[in-house]
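**Student:** Got a sequence here, can you build the structure:
(chains A and B)
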Amino acid sequence: MTMTRLIRSELRKLTSTKMPLAFLAVIVVMAGLNAFAVIAGTDMDGSKAFIATAADQRSLTAFAANAFMGAGLFGAIAVAREYGHHTVVPTFLASPRRHRAVLAQLTAVAGVGGVLSIVGAGLTVTAVALALPTTDYGFLVSAGDVFRVIAAAAFAGAAGAILGAGIGAVVRNVGGAVTSAVLVLIIAPPLVVQLVSGSGSWMPGILANVVSGTATDVAAPAAVAALATWAIIPAMIGLIAVRRRDVV
Amino acid sequence: MTMTSPTATSPTANSVVTAPTTGPQPCAAPAGGTYLLTVDNVTKSYGHHVVVDHLSFTVPPGRVTGFLGPNGSGKSTTLKIMLDLARADEGSASIGGRRYRDLSDPARTVGAMIESEAFHPGRSGRNHLRILADAIGISPTRVDDILEQVGLADAADRRAGAYSLGMRQRLGLAAALLGEPPVLILDEPGNGLDPQGIRTLRDLLRSHAARGGTVFVSSHLLAEVEHLADDVIVINQGRLVAHGALAELQQAASLARSTDPHRLAAALERTGATTQAQGGDGLVVRGMPIDEIGDRAFAIGVALHELSPHAGSLEELFLNWTSEPSTDKEVSKP
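**Tutor:** Coordinates of the predicted model:
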């Protein structure tokens, strides 16, 4: 009962500001860019080979990697602003057993991150499908593959949001949390790949593509587990930090 | 939940004046019973800086207790420890005999206002309260009621970031009152309120205490506390310097007018009293019973023209308590 109340409260927090709308606007722009790429883009030789096959179109519509990064930023902002605006104080007064509050927050952030990612994947698929008739190609992706692309985006979005929430809980100010999330999601992976051979397959972008079915670097269940691990480790660090720290 | 009687409490080790035995009695216990707040030997340091230093006091139900101290004296940290927002290095704090985190329904037992700006500026006042109502399981209709009660009904759907300072205080107060808690712990609730708001706040807190509620209010608005509080707890540098019924504390000084105030002052200070010159021949004496002042004046051959209880203002007392490094002063009634 308490958890239900807390999750409801956290969902209202997320939906009672304009932040989800801002992310939604970014998603719409990204879908539009995909449509524009289909309509106006060409390969080096001037052809439209990049949308010629079902696999090509599936790669174009696979939204999971974007969802992981975007939701990571969403989670980091959503949680860090709680500390910045001190709205975490009434939350911890309502739930002095802080792990419950944090779990409710993670659940809500993951839920909204997942929903935004579903919307993003759906809009991207729709935009590409609507743009393709302007070319010589039809929409070739099967319904099953569309479903997988959208499901992968939902999972990656939820995982990314949890990762971001963990970073937000540790860093506690929006600027620092966003910077840290960018470091973890965008800057660190290529550096790690340079330093550790064979690690490329385990970076979030590749893992998200494997989950979407557009890459085969590792087995899909392993990719799901690895992407979840990327999310859970910062979330656990955040949870421990929140439990141990004073609210100042 | 531990039910406690709303009777006066016995003084703690650091208490310097006996706990109150007078004052308004509760008319009816608030829902949820009455709660004694206890801070027991609490110490808290940040790095090498001791913020709260072996602090002990109790806050009885049925009364309004003011919590005073200079900036940085440890008031907010003490409140946060009481509410489990900060962890004490030593000692403990309890509400009705239980730690805050062990209360079965903490947010409906204690209404707290610790950070007056604890809201998202882009969120409406109504949504801010609905979020809290969701978290503690309160009907949305209660949100409308409390917005009306604190005078924010007309501004409820505006962004809280556009509220004036007084409106923000009202929103914080609304959040504290939302769960109709028997205990109120408020950090500087009067900041930014206009005179009408101050009056409303005072009436609200006094009626809450009169119903048997426990009201603990930190403030640096001494004139307001003088009008509001039955009891005061004063800390300086994290240590208790005075604790008791405000009326008794205000009487805990004597005025001695004499032929030789300088010699009298020296004699009294040698035995531990504190003195303060007043007028040409007067001394305000604290820390010594009035009879003893007369005896000592007689012993050194100083003729007294007047020896009477001296009622000081809270500001005068506060400055006296906090003007020197804190020690557990003995302030006795004249």
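
**Student:** what about the strands in the stretch 151-300 of chain B?
**Tutor:** B:183-187, B:214-218, B:231-236, B:239-245, B:253-258, B:274-278, B:282-286 (DSSP state E, counting those that start in this stretch).

**Student:** And these: which comes nearest A:V242?
**Tutor:** A:V242 lies closest to strand B:183-187 among the strands of the stretch 151-300 of chain B, at 21.8 Å (CB to CB). Backbone N, C-alpha and C define where each C-beta goes, glycine included.

**Student:** Just checking: what are the partner strands of the closest one?
**Tutor:** strand B:110-113 (parallel), strand B:214-218 (parallel) (DSSP bridges).

**Student:** Is the residue in chain B sticking out farthest from the centre part of a helix or strand, or is it coil?
**Tutor:** Relative to the centre of chain B, the most outlying C-alpha is that of B:G301, 42.3 Å out, by CA atoms, centre = their mean. Using DSSP: H, G, I helix; E, B strand; the rest coil, the structure places B:G301 in coil.

**Student:** Quick check: it vs A:L60, distance?
**Tutor:** 105 Å (CB to CB, to the nearest Å).

**Student:** now the strands of the stretch 151-300 of chain B in JSON lines, with mean neighbour count and mean pLDDT?
**Tutor:** Below are the strands of the stretch 151-300 of chain B laid out as JSON lines (neighbours: other CB atoms under 10 Å in any protein chain shown; pLDDT from 0 to 100):
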{"stretch": "strand B:183-187", "mean neighbour count": "25", "mean pLDDT": "96"}
{"stretch": "strand B:214-218", "mean neighbour count": "26", "mean pLDDT": "96"}
{"stretch": "strand B:231-236", "mean neighbour count": "26", "mean pLDDT": "93"}
{"stretch": "strand B:239-245", "mean neighbour count": "24", "mean pLDDT": "90"}
{"stretch": "strand B:253-258", "mean neighbour count": "23", "mean pLDDT": "89"}
{"stretch": "strand B:274-278", "mean neighbour count": "17", "mean pLDDT": "85"}
{"stretch": "strand B:282-286", "mean neighbour count": "22", "mean pLDDT": "88"}
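
**Student:** Let's have those in TSV, adding distance to A:S117.
**Tutor:** Putting the strands of the stretch 151-300 of chain B into TSV (distance: least, CB to CB, whole Å) gives the following:
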stretch	distance to A:S117
strand B:183-187	41
strand B:214-218	45
strand B:231-236	51
strand B:239-245	55
strand B:253-258	70
strand B:274-278	69
strand B:282-286	69
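
**Student:** who in the stretch 101-250 of chain B is up against chain A?
**Tutor:** B:101, B:103, B:106-107, B:110, B:112, B:114-115, B:117-124, B:127-128, B:130-132, B:134-137, B:175 (CB under 8 Å from any CB of the partner chain).

**Student:** List buried residues within those.
**Tutor:** B:103, B:106-107, B:110, B:112, B:114-115, B:117-120, B:122-124, B:127-128, B:130-132, B:134-137, B:175 (16 or more other CB atoms under 10 Å in any protein chain shown).

**Student:** who touches residue 99 in this structure?
**Tutor:** Chain wasn't specified; assuming chain A. Counting by CB atoms under 8 Å, 6 or more residues apart in numbering or on different chains, A:H99 touches A:239, A:242-243.

**Student:** Chain B, not that one
**Tutor:** B:84, B:92-93.

**Student:** Among those, which one has the most neighbours?
**Tutor:** Of all the contacts of B:R99, B:D84 has the most neighbours under the rule other CB atoms under 10 Å in any protein chain shown, reaching 23 neighbours.

**Student:** Relative to A:A71, how far out is that residue?
**Tutor:** Counting by CB to CB - B:D84 and A:A71 are separated by 32 Å.
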